[in-house]
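**Q** Generate coordinates for the sequence data below:
(2 chains)
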Amino acid sequence: NAGVMQNPRHLVRRRGQEARLRCSPVKGHSHVYWYRQLPEEGLKFMVYLQKENIIDESGMPKERFSAEFPKEGPSILRIQQVVRGDSAAYFCASSPPWGDGYTFGSGTRLTVV
Amino acid sequence: GENVEQHPSTLSVQEGDSAVIKCTYSDSASNYFPWYKQELGKRPQLIIDIRSNVGEKKDQRIAVTLNKTAKHFSLHITETQPEDSAVYFCAASISTGFQKLVFGTGTRLLVSP
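**A** The predicted structure follows:
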């Protein structure tokens, strides 16, 4: 039973490019969460999704960031026109509908140069 | 919204000593309090959690205590070992069908042989 799979593990983008981060939840988990971790800091909630629905995006920056969790395929966190301040580790987590069994992926480390 | 404070930011102990990390939360509605261990470059891993209907929980060398009145909870590690060295994060959430975790800023624990 594979855990939460995130890819790529490392992503380098030039300023102004787009970054796409992918997250495949644990099989059977219908809830996906994205967190951002800046260097030397804790994780900050960004967005919570269920299949085809954004439930809570209160932690998502209003511009350039978007997330989706389509009926088929992984959840995608998309960052347009990246800036140096977007450099961080982005972690995805998933859980079953009842909330327990929260599992984190290994993260995507985004570096903007 | 919820705010979680964590102390100390760094903690150095000798192997075999005990380590205590403390967190306070602001939202009295929070009812789920997990602790995560994160090694360098790795994912956060759940080590223990406690719900608000319980005052203490223990798992081998690790224990967590919760004081709902004072709104603080603590992680206790006894007989520390070098492999306990990592960053530890506390978190709080209002578990209402999904778990949006609010994390503390982390404690870097160093266990010297």
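
**Q** burial measure for the residue in chain A positioned nearest to chain B, as a count.
**A** Nearest residue of chain A to chain B: residue A:42, at 3.8 Å (Cβ to the nearest Cβ). (C-beta placed from N, C-alpha, C; glycine too.) For residue A:42, the count of nearby residues is 22 (other Cβ atoms under 10 Å in any protein chain shown).

**Q** again, but for residue A:38
**A** The burial count for residue A:38: 13, using other Cβ under 10 Å.

**Q** Now the phi/psi pair for it, please.
**A** Here is the backbone geometry of residue A:38 (degrees, to the nearest 10): phi -80, psi 160.

**Q** show me what contacts it?
**A** Counting by Cβ atoms under 8 Å, 6 or more residues apart in numbering or on different chains, residue A:38 makes contact with A:44, A:88.

**Q** any weak-confidence spans in the chain?
**A** You didn't say which chain, so I picked chain A. Within chain A, the stretches with pLDDT under 70 are A:1, A:99-101.

**Q** try again with chain B
**A** Using pLDDT under 70, the flagged stretches of chain B are B:95-98.

**Q** Tell me where it has strands.
**A** Counting by DSSP state E, chain B has strands at residues B:4-7, B:10-14, B:19-25, B:32-38, B:45-51, B:56-59, B:62-67, B:72-77, B:86-92, B:102-103, B:107-112.

**Q** Kindly state which of those strands is positioned closest to chain A.
**A** Closest to chain A of the strands of chain B, according to Cβ to the nearest Cβ: strand B:102-103, at 3.8 Å.

**Q** Pull up the pairing partners for that closest one, direction included.
**A** strand B:86-92 (antiparallel) (DSSP bridges).

**Q** Let me know the secondary structure of the residue most central in space within chain A.
**A** Centroid-nearest residue in chain A: residue A:34, 3.8 Å away (criterion: Cα atoms, centre = their mean). Here residue A:34 is recorded as strand under DSSP: H, G, I helix; E, B strand; the rest coil.

**Q** what's near enough to touch residue A:110?
**A** When contacts are counted by Cβ under 8 Å, 6+ apart, residue A:110 is found next to A:11, A:12, A:13, A:19, A:21, A:79, A:82, A:86, A:87, A:88, A:89, A:90.

**Q** let's see it at 7 Å
**A** For residue A:110, the contact set (Cβ atoms under 7 Å, 6 or more residues apart in numbering or on different chains) comprises A:11, A:13, A:19, A:86, A:87, A:88, A:90.

**Q** Where does it fall, secondary structure wise?
**A** Residue A:110 is part of strand A:108-112 when elements are defined by DSSP states H and E.

**Q** got the CA coordinates for that strand in CSV?
**A** Provided in CSV are the C-alpha atoms of strand A:108-112 (Å, rounded to 0.1, in the frame of the first residue of the first chain):
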residue,chain,number,x,y,z
THR,A,108,8.4,18.8,-3.5
ARG,A,109,11.2,21.2,-2.9
LEU,A,110,10.8,24.1,-5.3
THR,A,111,13.7,26.4,-5.9
VAL,A,112,13.2,29.6,-7.9
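
**Q** how about CSV for the strands of chain B, with mean neighbour count added?
**A** Below are these laid out as CSV (neighbours: other Cβ atoms under 10 Å in any protein chain shown):
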stretch, mean neighbour count
strand B:4-7, 18
strand B:10-14, 13
strand B:19-25, 20
strand B:32-38, 22
strand B:45-51, 16
strand B:56-59, 12
strand B:62-67, 18
strand B:72-77, 21
strand B:86-92, 25
strand B:102-103, 22
strand B:107-112, 17
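
**Q** Sounds good, over and out.
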